[in-house]
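*Asks:* I need the structure of the sequence given here:
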Amino acid sequence: MTLHTRAATDEIYDLFNQPLKSVDDEEEESESEDDDGDMTDGDYTSGGESTGTGRLATSEAGDDETSDVKSVSEWSEFTARKHIPKVGNDDQEEEDEEDTRASRFTEGDDEDEEFEAIHVQVPTDFGEHDELATPVSPELPATAKTMFVPIPPEDYVAPMRPYRDPSQVSQNRLPFMTPIAEKTESSLGGLTVREEKDYFNSKTPCKTNGSKKPPVRPSGDDFGSSPFREIINDSKPSDKISQPMLGKNLKTNKTSAIVAKVQASGGPLAKEIAPKGPIIKDSQCNPVDEEIRETIFAKMQPPLTTYEGFFDHKEEIQSRSAEIRKFAKAASKMSKNASDKTATNLSMPPILRFPGTEKKYMVKRELGAGAFAPVYLIENMAEEEDDDKENAVMGKGAFDHFNRKSLEALKMEDPPTAWEFYITRQAKRRLGVSRAAESIINVYEMHLYKDECYLIEEYRDQGTLLDIINVSRADSKSPGGVMDELLAVFFSIELFRTIEALHSKGILHGDLKADNCLVRFDPISDEDVWSTRYRKDGSGGWNKKGVSLIDFGRGIDMRVFKPDVQFIADWKTGPQDCAEMRELRPWTYQIDYHGLAGIIHSMLFGKYIDTIVERSGPGELGVSGGGLRKWKLKEGLKRYWQTEIWGKVFDLLLNPTANVEAEEGTKMPIVKGMKAVREEMETWLEGNSEKGVGLQAGLRKLEWAVGQKRK
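*Replies:* Residues are numbered from 1 along each chain as shown. This next block holds a predicted model:
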């Protein structure tokens, strides 16, 4: 498009607005055009056809040009803003249109006497500071000014010329653009109307969720209407459709209410609220990594702070471990030199008081000298009335049935962590009221400080399975210096039942060994009679005898990981670890199965387990391309043992991946396989528990021997 200066544009308009000339005038004009050298030849765009109507044109040289040459025609300065008032009805618009068409004929030569006109002075010059305001609304008419109004004859019929007729287009040279409401027509037509749309099923959930109001479709009359219709016809705007009310998400509200109620009431005693989906979404990871555990604590629901007995003092420093260690060391030296009169008297034992509880504990001696988690014997010095008061404050819950004794155990772990408290509580809660739950140690309180942690748990003074193994080895009457097979079968059944139940609930112990299994010889009341024959259902007092697992510091909660997760061990391994760890292969439940096999091996052979590969059959290829290997014990089983039962036990525990055919999804854990082997051992023990010395007599003998060792 060619841009012209304002002067050039005015001249072009004057060409189209000049009156009809006579033949003589046309000849004179043609002669003058030949002599005129100022006219520019070439293409041009009329002002009426230009899209830049109403703007100052710029010359091709880029400079704005102005001209003092005024138009010959009076109509060149015509503007609708100054001379035509806006009206609000269609009839008036038609009259104005007729007047405008008629006004074109007022500019004529003197020979045209068909029209009579009233000449009114029209101001054509405007001040420099006259403001040309664009009307902001069609409803606000511009101020009418004096103008020239032609009066056509009565028999005059206005010619109907095409819209692009130059004589009409020239009248469109307005100094402003026609005000248009902010609407946009689309090729999709009715899809852009203001009514609520659902043609493409593109709903906005936040505005339609919960609303039962049906969607409103536009009517057929207004489906393709133009948005300029309101301005042209001054029609009534369409009614606005109110937005639907937001619906309430009842599911979310219920969940939030339950969580809030659990947290307000002390939390974990109520129904467990598991988080949706796994917290740790890695396919492979180290489950004992501190960062992994911190992530679990941060995202678990309900949070650990709601657990009964958990006291968070992470912003405080306790600094009592040095004092406790010093006292325990002096107490151990005093017990060894009890007959030495020169022994130094002990200082006052440390007294521990913790915020949030009225109990106080006195440290008595050291029970276990672990490198990173020493265990001390403490005495609960709370009065009975204080216990009643505390129970009244805590209310009833799953752990209020604890009959806490005066002597309890205190475990201090470095670095401080609440993981063992969490795993132990999860195990007790998921197992509920069952025989397996009785085989898990009770934890009462956890006081977590910035530099130390204090885990207060149940104290059992009957020793561990390792102590019983050593007692059997020292007994000269014991055949071969090992535990009697009846006792080995009994404790194996108790361990199988406990591990089987834990794995079915997604809990791994992670550190199964003989010294992490306390012997549980609970007293039998006078009303009950301890049957000499073993009963697998626990009746006859047999549910009071068994084991109690401790030290869940390396426990794993499988529910916070992906179902197909694979663990990796980044620590130094040994014979006590499963074959997958030793060979740097992924593992999960194998860690507990190998640990359980090691405990049973110690009871039967009196030493730690050692395994070898039995075969690597050709054609037995795994996914990775390596041959499948079968592990077995290095030592052979005694001929007088129940070799068939023990063969199934060790084959199942040392090769769990080869025994998943009967399991759900043909994958671990092998709970069905463990249950089948356990029931076979129970059946055999019921029929042979009274043979020889008998199982009951053997347990009484162990209980007496452990008691003598403590003295």
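*Asks:* In terms of secondary structure, what does the strand or helix carrying residue 499 contact?
*Replies:* For residue 499, the enclosing helix or strand under DSSP states H and E is helix 485-504. Applying 3 or more CB pairs under 8 Å, 6 or more residues apart in numbering; DSSP states H and E, one finds that helix 485-504 contacts helix 419-431, helix 465-474, strand 545-549, helix 590-605, helix 671-688, helix 695-710. Placement of C-beta: from N, CA and C, glycine included.
*Asks:* Helix 695-710 and the shortest one, what's the angle between them?
*Replies:* Taking axes from the mean of the first three to the mean of the last three CA atoms, to 10 degrees, one finds strand 545-549 and helix 695-710 inclined to each other by 50 degrees.
*Asks:* Could you identify the helix or strand that succeeds strand 545-549?
*Replies:* strand 556-557.
*Asks:* Neighbouring strands - and their directions - for that following strand?
*Replies:* Sheet partners assigned to strand 556-557 using DSSP bridges are listed as strand 507-508 (antiparallel).
*Asks:* How about residues contacting the partner strand?
*Replies:* The contact list for strand 507-508 (CB atoms under 8 Å, 6 or more residues apart in numbering) reads 423, 426-427, 430, 502, 555-558, 588-589, 591-592.
*Asks:* mind redoing it with 6 Å?
*Replies:* For strand 507-508, the surrounding residues in contact (CB atoms under 6 Å, 6 or more residues apart in numbering) are 427, 556, 592.
*Asks:* Help me confirm that the first one comes into contact with residue 440.
*Replies:* Yes - the criterion here is CB atoms under 6 Å, and residue 427 meets it with residue 440 at 5.2 Å.
*Asks:* neighbour count winner among the two?
*Replies:* For residue 427 and residue 440, the more surrounded residue by other CB atoms under 10 Å is residue 427, and the numbers stand at 27 against 24.
*Asks:* Contact partners for that one?
*Replies:* Residues counted as contacts of residue 427 (CB under 6 Å, 6+ apart) are 440, 507.
*Asks:* before we move on, what about residue 707?
*Replies:* Residue 707 touches nothing, counting by CB under 6 Å, 6+ apart.
*Asks:* and the gap between it and residue 502?
*Replies:* Per CB to CB, to the nearest Å, residue 707 is found 30 Å from residue 502.
*Asks:* hmm, back to that, tell me which of the helices and strands packed on helix 485-504 lies nearest to residue 657.
*Replies:* Nearest to residue 657, of all the helices and strands packed on helix 485-504, is helix 590-605, at 7.8 Å by CB to CB.
*Asks:* what packs against that closest one?
*Replies:* With contacts taken as 3 or more CB pairs under 6 Å, 6 or more residues apart in numbering; DSSP states H and E, helix 590-605 sits against helix 485-504, helix 643-654.
*Asks:* what about the chain, any weak spots by pLDDT?
*Replies:* Along the chain, segments meeting pLDDT under 70 span 1-4, 19-149, 159-276, 338-346, 370-371, 382-402, 476-480, 615-628, 710-711.
*Asks:* Okay, domains of it per the record?
*Replies:* Domain assignment for the chain by automatic domain parsing gives 6-172, 187-247, 308-459, 461-551+558-711.
*Asks:* Okay, and residue 574 sits in which element?
*Replies:* Using DSSP H and E, residue 574 sits within no helix or strand.
*Asks:* If you drop the residues flanking it in sequence, what lies closest to it?
*Replies:* Closest residue to residue 574 apart from its sequence neighbours, by CB to CB, 6 or more residues apart in numbering: residue 582 at 7.8 Å.
*Asks:* For residue 631, see how far away that neighbour is.
*Replies:* Residue 582 is 11 Å from residue 631, by CB to CB.
*Asks:* And these two? Which one has more around it.
*Replies:* Using other CB under 10 Å, the more surrounded residue of residue 582 and residue 631 is residue 631, with 18 against 15.
*Asks:* buried stuff in the helix or strand hosting the more buried one?
*Replies:* Assigned by DSSP H and E, residue 631 belongs to strand 627-633. Counting neighbours by 16 or more other CB atoms under 10 Å, one finds that the buried residues in strand 627-633 are 629, 631-633.
*Asks:* which helices and strands does it pack with?
*Replies:* Using 3+ CB pairs under 6 Å, 6+ apart: strand 627-633 touches strand 611-621.
*Asks:* Relative to residue 603, which of the helices and strands packed on helix 590-605 is closest?
*Replies:* With CB to CB, the closest approach to residue 603 among the helices and strands packed on helix 590-605 belongs to helix 485-504: 4.3 Å.
*Asks:* got a list of contacts for that closest one?
*Replies:* For helix 485-504, using CB under 6 Å, 6+ apart, the contacting residues are 431, 436, 439, 546-547, 592, 596, 600, 603-604, 641, 669, 671, 674, 678, 681-682, 685, 695, 698.
*Asks:* ok, now with 7 Å
*Replies:* Contact with helix 485-504 is made by 427, 431, 434-436, 439, 465, 509, 546-547, 549, 589, 592, 596, 599-600, 603-604, 641, 649, 669, 671, 674-675, 677-678, 681-682, 685, 689, 695, 698, as judged by CB atoms under 7 Å, 6 or more residues apart in numbering.
*Asks:* between it and helix 671-688, how big is the angle?
*Replies:* Orientation of helix 485-504 against helix 671-688 (the same axes, to 10 degrees) gives an angle of 150 degrees.
*Asks:* Surely residue 364 is within a strand?
*Replies:* Yes - Residue 364 sits within a strand when classified using DSSP: H, G, I helix; E, B strand; the rest coil.
*Asks:* Nearest spatial neighbour of it, chain-adjacent residues omitted?
*Replies:* Once flanking residues are discounted, residue 364 sits nearest to residue 377: 4.6 Å by CB to CB, 6+ apart.
*Asks:* Please name the bridge partners of that neighbour.
*Replies:* Here residue 377 sits in beta bridges with residue 365, residue 409, as judged by DSSP bridges.
*Asks:* So it versus residue 606, what's the distance?
*Replies:* Residue 377 sits 29 Å away from residue 606, taking CB to CB as the criterion.
*Asks:* Settle it for me: which of these two has more neighbours?
*Replies:* Taking other CB under 10 Å, residue 377 and residue 606 do not tie; residue 377 has more neighbours (19 against 16).
*Asks:* ok, that one - contacts?
*Replies:* Applying CB under 7 Å, 6+ apart, we find residue 377 in contact with 364-365, 367, 407, 409, 459.
*Asks:* same thing but 10 Å
*Replies:* 328, 331, 362-368, 407-410, 459, 461 (CB atoms under 10 Å, 6 or more residues apart in numbering).
*Asks:* Give the residues shared as contacts by residue 582 and residue 631.
*Replies:* With contacts taken as CB under 10 Å, 6+ apart, residue 582 and residue 631 have 594, 611 as neighbours in common.
*Asks:* Please identify the buried residues of stretch 494-512?
*Replies:* Here stretch 494-512 shows 494-512 as buried, counting by 16+ other CB under 10 Å.
*Asks:* quick one on the thing from earlier: among the contacts of residue 377, which two are most distant?
*Replies:* 362 and 368 (18.5 Å).
*Asks:* Quick check: the gap between residue 497 and residue 575.
*Replies:* According to CB to CB, residue 497 stands 26 Å off from residue 575.
*Asks:* quick one on the thing from earlier: from residue 433, how far off is the residue nearest to residue 574?
*Replies:* 39 Å.
*Asks:* likewise residue 696?
*Replies:* Distance from residue 696 to residue 433, by CB to CB: 26 Å.
*Asks:* again, but for residue 411
*Replies:* With distances taken as CB to CB, residue 411 is found 26 Å from residue 433.
*Asks:* more crowded one of the two?
*Replies:* Ranked by neighbour count (other CB under 10 Å), residue 411 and residue 433 place residue 411 first, with 23 against 8.
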